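**Q** Sequence isn't available, so here's the structure alone:
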């Protein structure tokens, strides 16, 4: 019944069901308040014939937001292969002595694994994922600590070093917004990524009015100093919680109010020095296993312009523990379905490291340009500055997006590639869209959202079994994202038929 009502409403909106989809889209855009003042770019192409079924500003440049991840994940899949893996190691310069003591530093060597976290791998839709047990966010590191303890290590007379030198230390793109790094979506990029380089801060009301809010960290690793100025107010009062962290600072300033008896609020915040955080977490886990650590938790970075040094010269380079990641295809599916920014940035650097021997953003982007030339995407049709889509100078044309989609559809990795994309009404960032329409389960597309930007690009499997590639990019919109998304969904319904 819901699907029938939706189609009836849409039929009335376009005022002419017998009209071609192209004419219906034009009428829909002309009549929708959500389209007023916004800049729309659309291309729809039949994948069997190559015929363009609809286009609007298809060769104009648009900010793509997270549609950028289509380029990054396609690059990683083709250049690295679906079975590519990452290895995280715990290493020492020499073996433990007769007393079980390691004389010197122990290094947590990051291999670029994005999933040292509580996330389910392979990907599971959010409703199917069980809530993680307390401390589970550190399960991957705990497994490494178990291996170290099993080697008979009793003490470490040296620092715990978070070694992220596999990738160049470029934690943020130059043109990200200044407040992006405060939050989980802008977490620092590193070859060590524990819990997606984030912490969760749970804020709960205090025991009485005027009391400070209660703060709980997950994982329970003391990294940020917290200045808690959040006060509990009367039941039914205003809930207003603010977070501030100055760039480069390790102090979180929390302020505002939370009503007595109200629910807790979870703040997902970014880590600014993932290598230090990983070293702190590993030191804590080693100490919990009875291993005395006499040193500090420190970072070892590879700065821009430096060459990777590799293991310390002259040592035995003893591997105390290792962890091999799930296949790359599992992570790229997470990256696109969950629109995970950090994972996209790490994938870009993994390509740079594998193909150009430098795990940097520039090396990854250089390889992306070569890949897009192979895919037939003209240089003038894009400008991509990062892997995730947070960079505001990113620009692509709808025609370029469709060109990429056609290339991947015709590649040997077609099925794997399409499996990365959110499915309408089923999972990922499309789980709550199209669910009451006949297009549910038939639209496979990547979403994208920034301020005044909305995007949706991917594939439509039509009722007759044919496939379409489409890209809908919307810039300069002053309407709510919900209204623009609804309009984009209606366009997808029209092309799906």
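**A** Here it is on my side, so go on. This is a predicted model, so every value here is computed, not measured.
**Q** residues of whichever strand or helix holds residue 42 that come out buried?
**A** Using DSSP states H and E, residue 42 sits in strand 39-46. Residues of strand 39-46 classed as buried: 39-45 (neighbour count, 16 or more other CB atoms under 10 Å). In this view, the C-beta of every residue, glycine as well, is placed from N, C-alpha and C.
**Q** list the contacts for the spatially most central residue of the chain?
**A** Compute the mean C-alpha point of the chain, and by CA atoms, centre = their mean the closest residue is residue 340, 1.3 Å away. Shown in contact with residue 340 (CB atoms under 8 Å, 6 or more residues apart in numbering): 114, 196, 334.
**Q** per-residue confidence at it?
**A** Residue 340 is assigned 97 on the pLDDT scale.
**Q** Please report which of the contacts of residue 340 has the highest neighbour count.
**A** The most crowded member of the contacts of residue 340, judged by other CB atoms under 10 Å, is residue 114 (26 neighbours).
**Q** tell me the SS of the residue located most distally from the centre of the chain?
**A** Using CA atoms, centre = their mean, the residue of the chain lying farthest from its centre is residue 98. It sits 45.2 Å away. Secondary structure assignment for residue 98 (DSSP: H, G, I helix; E, B strand; the rest coil): coil.
**Q** Next one: it from residue 152, what distance?
**A** 10 Å (CB to CB, to the nearest Å).
**Q** Check which helix or strand residue 76 maps to.
**A** Under the criterion of DSSP H and E, residue 76 resides in helix 68-80.
**Q** and if you look at residue 300?
**A** Assigned by DSSP H and E, residue 300 falls in strand 297-302.
**Q** which of the residues in the helix or strand that that strand is followed by are buried?
**A** Remark: after strand 297-302, the chain's next helix or strand is strand 318-324, criterion DSSP H and E. Across strand 318-324, burial judged by 16+ other CB under 10 Å covers 320-321, 323.
**Q** and if you look at stretch 401-410?
**A** Applying a neighbour-count criterion of 16+ other CB under 10 Å, the buried positions in stretch 401-410 are 401-408.
**Q** Could I get the average pLDDT for it?
**A** Here the average pLDDT along stretch 401-410 is 98.
**Q** Distance from the chain centre to it, please.
**A** Relative to its chain's centre, stretch 401-410 lies at 22 Å (CA atoms, centre = their mean, to the nearest Å).
**Q** what's the answer for stretch 260-278, then?
**A** With CA atoms, centre = their mean as the basis, stretch 260-278 stands 17 Å off its chain's centre.
**Q** How far does that stretch stretch from one end to the other?
**A** End-to-end distance for stretch 260-278, by CA to CA, to the nearest Å: 36 Å.
**Q** Next: stretch 378-391.
**A** Chord length of stretch 378-391, first to last residue, is 20 Å (CA to CA).
**Q** That stretch: how far from the chain's middle?
**A** 16 Å.
**Q** Repeat that for stretch 44-52.
**A** For stretch 44-52, the distance to the chain centre is 30 Å (CA atoms, centre = their mean).
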